[in-house]
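Q: what shape does this take:
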Amino acid sequence: MALGSLTTSGAAVEAERSAAAPGAAGIGDSYFPTDGNGGYDVRHYAVDVRYAVATGALTGSTTVTATATQQLSRFNLDLVLDATAVRVDGAPVAFVSGDHELVVTPAAPLAKGAQFTVTVDYNGRPGDITHRGNRPWVSSTAEAMATNEPQIAPWWFPANDHPRDKATFDIAVSVPTGQQAISNGTFLGTTSEPGWDTWRWRAAEPMAPYLAFFAAGRFEYESGVRRGLPYFNAVSMGLEPGNRGRAMELMRRSPDVVRWLETQLGGYPFSSTGGVTTSLAAGFALENQTRPTYPFLGNGRFARSILVHELAHQWFGDHVAVDRWRDIWLNEGFASWFEWKYDEAHGGRSAAETLQARYDTYPADDDFWDVRIGNPGRHSLFDFAVYDRGAMTVQALRQRIGGSDFKQVLRTWVAKRGAGNGRIGQFERLAERVSGERLDGFFEAWLFTGRKPAGTQGNGLR
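A: So this is what the prediction gives:
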């Protein structure tokens, strides 16, 4: 009887192996074919890293909790650092650590629908690593910012690195004693051991991997509650004192801007807000979920516009993420338009006037119009036209269908797609359904032609 049981069990295992297949080494995004992976859905990341700011050396151990979406013989994670050990459900397994793909082979196939954990130990110097010509790590010997777009996660933790696979996060970052490590979500506190302080954070709402970040170095920071909203702000001590004060004043505006955005889009989708200003020459701000990151901007009108832009992304970009990177207009067009709308609502020029001024600025033969912002191509993903023509498209839609229907479209989009993803085509269909109008010609003119849209009412122009 025992022998018969072994034979049956062995046959079952062999049957499982023959039915199982590898997960895809990419989630299926044509812009970045190896980003993300197939065969599983991540539920949670527990990221624990130690970063020596002065040398740029990082060691980490991350546990990924996921559900198999097929019967898996092996699967990939995106990681550019060197993996040193991998465990699936606590047991050591075989793995191959490549230049971007970490290939993991469990001891036995994972059944479809099974929840499993994979723990990866790893190390390296993320600031030294280039992949596909991309070196996203921003650092000096005094400060580091693990923040970039569209890729940054594989430079500090193993991930299913695509916005389509969101998950919750627990993040612990250890830095040399006396330094700080700021990250997403709710600050849980610090613990210490000789030579190191560990800063712990929790992002309880689903988040795309590229939006997870940490800032390490010496920061002036403050936290509290404003207008009922918890906040955590941090400003680099690498800035001179006067600039630190101006940067902190800008960060303090975040809760007020969030509350204004709620009047446009509905309730804020996250549990905290705030911002981080670096002294590094990052050259960009980014919509890191709950806590955007900024270079030093001062506290003038331009700085306030960038603040509005990144906080608008909390709805358009973070809460509703792109389903494919080609859908980037849904992120940048709307965040840029909210700069115009905020100005309109606070005594500045109307968004209609801004649209007309922008439209008149670029003659029909200007190469500004060459970029098809509804599918700009990988190398034009963050072209200026994606932002500016993108915002023009949003305001033109507002004028084409009317303010009431427009606002309903925005609120419905966020309500229906929140905590998930969206495509441009889905947004188009929603706008048509709410307005009762055919808008295919409108969206074709604004998003998918390399020409200046005709100045007609059909294109939302007056």
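
Q: from here on, just use CA atoms for contacts and neighbour counts.
A: Will do.

Q: quick one: the helices in this protein?
A: For the chain, the helices defined by DSSP state H occupy 2-19, 241-252, 254-265, 301-312, 329-345, 351-361, 384-401, 403-417, 424-435, 440-447.

Q: mean pLDDT lowest for which of those helices?
A: Sorting the helices of the chain by mean pLDDT places helix 2-19 lowest, at a mean of 49.

Q: now L307, nearest residue through space, not along the chain?
A: S254 (7.3 Å; C-alpha to C-alpha, 6 or more residues apart in numbering).

Q: same list (the helices of the chain) but as a markdown table, adding mean neighbour count and distance to A208.
A: Below are these laid out as a markdown table (neighbours: other C-alpha atoms under 10 Å; distance: least, C-alpha to C-alpha, whole Å):
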| stretch | mean neighbour count | distance to A208 |
| --- | --- | --- |
| helix 2-19 | 12 | 31 |
| helix 241-252 | 19 | 23 |
| helix 254-265 | 18 | 20 |
| helix 301-312 | 22 | 16 |
| helix 329-345 | 24 | 13 |
| helix 351-361 | 16 | 31 |
| helix 384-401 | 24 | 21 |
| helix 403-417 | 17 | 14 |
| helix 424-435 | 16 | 18 |
| helix 440-447 | 18 | 25 |
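
Q: could you export those helices as TSV, including distance to D323?
A: As requested, the helices of the chain are exported to TSV (distance: least, C-alpha to C-alpha, whole Å):
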stretch	distance to D323
helix 2-19	29
helix 241-252	30
helix 254-265	20
helix 301-312	18
helix 329-345	10
helix 351-361	28
helix 384-401	17
helix 403-417	11
helix 424-435	9
helix 440-447	17
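
Q: which one, of those, ends up nearest to Q115?
A: Closest to Q115 of the helices of the chain is helix 2-19 (C-alpha to C-alpha; 16.7 Å).

Q: pLDDT value on the nearest residue to P106 once chain neighbours are set aside, please?
A: Closest residue to P106 apart from its sequence neighbours, by C-alpha to C-alpha, 6+ apart: V93 at 5.6 Å. We have a pLDDT of 98 for V93.

Q: quick one: neighbours of the nearest residue to A303 once chain neighbours are set aside, just the number.
A: In this structure, A303 finds its nearest non-sequential neighbour in L297, 5.2 Å apart by C-alpha to C-alpha, 6+ apart. Residues lying near L297 (other C-alpha atoms under 10 Å) number 19.

Q: any idea how far Y231 is from L297?
A: Applying C-alpha to C-alpha, to the nearest Å, one obtains 20 Å for the distance of L297 from Y231.

Q: cool, and A107?
A: In terms of C-alpha to C-alpha, A107 sits 45 Å off from Y231.

Q: more neighbours: which of those two?
A: More crowded of A107 and Y231, by other C-alpha under 10 Å: Y231, with 24 against 14.

Q: quick check: that one touching R253?
A: No: taking contacts as C-alpha atoms under 8 Å, Y231 lies outside contact range of R253: 10.4 Å.

Q: list the contacts for P269?
A: By C-alpha atoms under 8 Å, 6 or more residues apart in numbering, the contact list for P269 reads Q314, W315, H319.

Q: restricted to strands, list these.
A: Of these, none are assigned to strands by DSSP state E.

Q: reformat these as CSV; add pLDDT.
A: Formatted as CSV, the contacts of P269 follow (pLDDT from 0 to 100):
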residue, pLDDT
Q314, 98
W315, 98
H319, 98
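
Q: closest one of the residues you listed to P194?
A: Q314 (37.6 Å).

Q: re earlier: which one of the contacts of P269 is nearest to T63?
A: Among those, and counting by C-alpha to C-alpha, the member closest to T63 is H319, at 23.6 Å.

Q: and the closest one, what does it touch?
A: M207, P269, V414, R417, G418, A419, G420.

Q: again, but for S350
A: W340, K341, D343, E344.

Q: E353 is in contact with the last one, correct?
A: No: E344 sits out of contact with E353 when judged by C-alpha under 8 Å, with a separation of 9.5 Å.

Q: which residues do the two both contact?
A: By C-alpha under 8 Å, 6+ apart, no residue touches both E344 and E353.

Q: quick revisit: so the residue nearest to P106 is in contact with V103, correct?
A: No: the criterion here is C-alpha under 8 Å, and V93 misses it with V103 at 10.6 Å.

Q: who has more neighbours, the two?
A: It is V103, of V93 and V103, that has more neighbours when counted by other C-alpha under 10 Å, with 19 against 16.

Q: so what's the closest residue in space to that one that isn't next to it in sequence up against?
A: Leaving aside its chain neighbours, V103 sits nearest to N76 (4.5 Å; criterion: C-alpha to C-alpha, 6+ apart). Neighbour list for N76: G23, A24, A25, N37, G38, E101, L102, V103, V104 [criterion: C-alpha under 8 Å, 6+ apart].

Q: go again using 10 Å as the cut-off
A: By C-alpha atoms under 10 Å, 6 or more residues apart in numbering, the contact set of N76 is 22-26, 34, 36-40, 95-97, 100-105, 158-160.

Q: ditto for P209
A: Counting by C-alpha under 10 Å, 6+ apart, P209 has contacts 36, 45, 150-154, 157-169, 288-289.

Q: over to D170?
A: 44-48, 62-63, 183-186, 188, 200-204.

Q: then D99?
A: By C-alpha under 10 Å, 6+ apart, the neighbours of D99 are D78, L79, V80, L81, D82, I129, T130, H131, R132.

Q: reformat those residues into JSON lines and put pLDDT next to each item.
A: Formatted as JSON lines, the contacts of D99 follow (pLDDT from 0 to 100):
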{"residue": "D78", "pLDDT": "98"}
{"residue": "L79", "pLDDT": "98"}
{"residue": "V80", "pLDDT": "98"}
{"residue": "L81", "pLDDT": "98"}
{"residue": "D82", "pLDDT": "98"}
{"residue": "I129", "pLDDT": "97"}
{"residue": "T130", "pLDDT": "96"}
{"residue": "H131", "pLDDT": "94"}
{"residue": "R132", "pLDDT": "89"}
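
Q: just the buried members of these?
A: D78, L79, V80, L81, D82, I129 (16 or more other C-alpha atoms under 10 Å).

Q: and these, which of them are in strands?
A: Those of the buried ones among the contacts of D99 lying in strands (DSSP E): D78, D82.

Q: what's the most distant pair in the buried ones among the contacts of D99?
A: Among the buried ones among the contacts of D99, D78 and I129 lie farthest apart (C-alpha to C-alpha), at 13.8 Å.

Q: contacts only, for the residue positioned nearest the centre of the chain.
A: Of all residues in the chain, the one closest to the mean position by C-alpha atoms, centre = their mean is L211, 3.2 Å from it. Shown in contact with L211 (C-alpha under 10 Å, 6+ apart): 146-153, 163, 166, 184, 286-292, 317-318.

Q: what does A419 give?
A: K166, A167, E205, P206, M207, A208, P269, W315, D318, H319, V320, A321.
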